[in-house]
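>>> have a look; sequence and predicted model below, questions after that.
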Amino acid sequence: MRRRSGGMVTAPDFAFWNPDVEVEFDPKAWREGHDTQFERAVVSGGGK
């Protein structure tokens, strides 16, 4: 999609995820700047 400014807006066509790994949402950690889902993905090797 072209914007008036001449720039472009794009969206990803696909994504990979491992639905078998559940991570509880921790509001306190989120407020402190931690992304528990991302951190778990890094620890687990991104599903590999």
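Here it is on my side, so go on.
>>> any stretches of this structure with poor pLDDT?
1-2, 17-19, 46-48 (pLDDT under 70).
>>> for it, just list every one of the helices.
27-31, 36-43 (DSSP state H).
>>> relative to the whole chain's centre, how far out is the last one?
Read that as helix 36-43. 9 Å (CA atoms, centre = their mean, to the nearest Å).
>>> got the CA coordinates for that helix in PDB?
Extracted C-alpha coordinates of helix 36-43, given in PDB (Å, rounded to 0.1, in the frame of the first residue of the first chain):
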ATOM      1  CA  THR A  36       8.200 -13.500  28.800                       C
ATOM      2  CA  GLN A  37       7.000 -15.100  25.500                       C
ATOM      3  CA  PHE A  38      10.000 -13.900  23.600                       C
ATOM      4  CA  GLU A  39      12.400 -14.800  26.400                       C
ATOM      5  CA  ARG A  40      10.900 -18.300  26.500                       C
ATOM      6  CA  ALA A  41      11.300 -18.700  22.700                       C
ATOM      7  CA  VAL A  42      15.000 -17.700  23.000                       C
ATOM      8  CA  VAL A  43      15.600 -20.200  25.800                       C
END
